[in-house]
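Visitor: Any chance you can model this:
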Amino acid sequence: MPKQFQFKDDARSQLMTGIDLVARTVGITLGPNGRNVILQKEFGPPQICSDGVTIAKEIELPEPFPNMGAQLLKEAASKTNDDVGDGTTTSTILAQAILKNGFK
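Guide: Below you'll find the predicted structure:
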């Protein structure tokens, strides 16, 4: 498959689509009144989860550029989990805010 290229505002908006999707999905689990997310598994029953990194790892988008944006937040959550073991939802929300302001 040949490589695809996007530039400027089009590239940023497509990346932000994936970034916002992951942040919204993971963000609902934040705080003491955070909600659960149901993950559909390929094999076995659905999984009810409130862990940001677990939720983020399950998100995969069909379009390549939004998926790259999603991968950025998945990486932030994964590295936070590896280094600290907690705070993955917070790091995902912070990464979204940093990227959104950086794209301006």
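Visitor: And Glu63, how far from Leu21?
Guide: 11 Å (CB to CB, to the nearest Å). For every residue, glycine as well, the C-beta is placed using N, CA and C.
Visitor: Can you list the residue ranges for strands in this structure?
Guide: Taking DSSP state E to define them, one finds strands in the chain at 37-39, 47-49.
Visitor: so can I have a markdown table of those strands showing mean pLDDT?
Guide: Output for those, formatted as a markdown table (pLDDT from 0 to 100):
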| stretch | mean pLDDT |
| --- | --- |
| strand 37-39 | 96 |
| strand 47-49 | 95 |
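Visitor: Looking at Glu63 and Leu21 now, which is surrounded by more residues?
Guide: Leu21 (17 against 13; other CB atoms under 10 Å).
Visitor: who touches that one in this structure?
Guide: Counting by CB atoms under 8 Å, 6 or more residues apart in numbering, Leu21 makes contact with 59, 61, 66, 70.
Visitor: I'd say the first one and Ala77 touch.
Guide: When you say that, I think you mean Ile59. No. Distance between Ile59 and Ala77: 10.2 Å, which falls outside the contact criterion (CB atoms under 8 Å).
Visitor: Between those two, which is the more surrounded one?
Guide: Legend: neighbour count by other CB under 10 Å for Ile59 and Ala77, higher for Ala77 (25 against 17).
Visitor: quick one, what contacts the more buried one?
Guide: Ala77 is in contact with 26, 52-53, 56-57, 88-89, 91-92, counting by CB under 8 Å, 6+ apart.
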